[in-house]
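S.K.: just to be clear, the model below is a prediction. Sequence and coordinates:
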Amino acid sequence: MERAGEFTGVPGWGGVATGLTAFAAAYLASRQGTPMGWLSIWLAEAVLATAILAPAAAAKARRIEGRFFSAPGRRFALSFAPPVVVGALLTLAFVRAGLFGLLPGMWLLLYGTAIVTAGAFSVRLVPVMGLCLMALGAAALLSPAAWGDFFMAAGFGGVQIGFGLWIALRYGG
C-alpha cells in the first residue's frame, strides 16, 4: 500500500549512462580555454542528460507502473521542476555577472535539492542521492573554483553512477 504512493520510475540505468557522459563532459570542460567554452560543454551535457533520462524514466514508469504521469509521477515532476528552473535562471544571472566559478556548486546544490524534494515521492534511496549531491555542491562553493570540474564529475558522474546502479539492481532498471 505504501509503495502505491511512490514514483518508482527513477531510471537506474539512465543514471549510469548520464554519469558516464558527465565524466566525459568534465574531461572536455577542463580542457576549455575560456569560461564560455567550459559553459558550452556543461550545457550540452545537461541537454544530453535530459535526452537520456526523460525517455528512460518514461519507459521504466510504463513498464513498472503502467504510465509515466501517474499521480506519484506528477508529484515527482512538479517537485523536481522548481529547483531546476531556479538553477537555469541563476545560471543566466551568474554568467552575466561573470561568476562562472560558482556554477558547479550552485548546479550541484539545486540539482540535489530537486532530487531531495522529488524524492519525497519516490523510494527512500532517492532523497539520499540528492543529499549527497547537495553536500558536493556545498563543498564546491567552499573550494577553489579550479576544482569545479572535479566536483561536477564526482556529483553528476560518480553519484549518478553509484546510485544509478543501486536503483537499477534494487528497483528494476
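M.R.: The structure has been received and is ready for your questions. Numbers count the residues shown, from 1 in each chain.
S.K.: check this protein for its longest helix and report it.
M.R.: If you go by DSSP state H, the chain has its longest helix at helix 35-65.
S.K.: could you report the neighbour count for the nearest residue to Ala145 once chain neighbours are set aside?
M.R.: In this structure, Ala145 finds its nearest non-sequential neighbour in Gly101, 2.9 Å apart by Cβ to Cβ, 6 or more residues apart in numbering. All C-beta atoms are positioned from the backbone trio N, CA, C, and that covers glycine. Neighbours of Gly101 under the rule other Cβ atoms under 10 Å: 17.
S.K.: tell me the pLDDT at the nearest residue to Val159 once chain neighbours are set aside?
M.R.: Nearest-residue entry for Val159: Cys132, 5.1 Å, with adjacent residues in sequence omitted and distances by Cβ to Cβ, 6+ apart. If you check Cys132, the pLDDT there is 97.
S.K.: list the contacts of the helix or strand hosting Cys132.
M.R.: Under the criterion of DSSP states H and E, Cys132 resides in helix 125-142. Helix 125-142 is contacted by residues 10, 102, 104-120, 147-148, 151-152, 154-155, 159, 163, 166-167, 170-171 when judged by Cβ atoms under 8 Å, 6 or more residues apart in numbering.
S.K.: quick check: Gly98 is in a helix.
M.R.: No. In this structure, Gly98 is coil, not part of a helix, as judged by DSSP: H, G, I helix; E, B strand; the rest coil.
S.K.: which non-adjacent residue is nearest it?
M.R.: Leaving aside its sequence neighbours, Gly98 sits nearest to Pro35 (Cβ to Cβ, 6+ apart; 7.7 Å).
S.K.: state the distance from Gly12 to Gly162.
M.R.: Applying Cβ to Cβ, to the nearest Å, the value for Gly12 to Gly162 is 10 Å.
S.K.: phi and psi next, for the residue nearest the centre of the chain.
M.R.: For the chain, the residue sitting closest to the mean C-alpha position, by Cα atoms, centre = their mean, is Tyr111 at 5.1 Å. Backbone torsions of Tyr111, given as degrees, to the nearest 10, read phi -60, psi -40.
S.K.: got it, and the one 10 residues further on?
M.R.: Backbone dihedrals for Phe121, given as degrees, to the nearest 10, come out at phi -110, psi 20.
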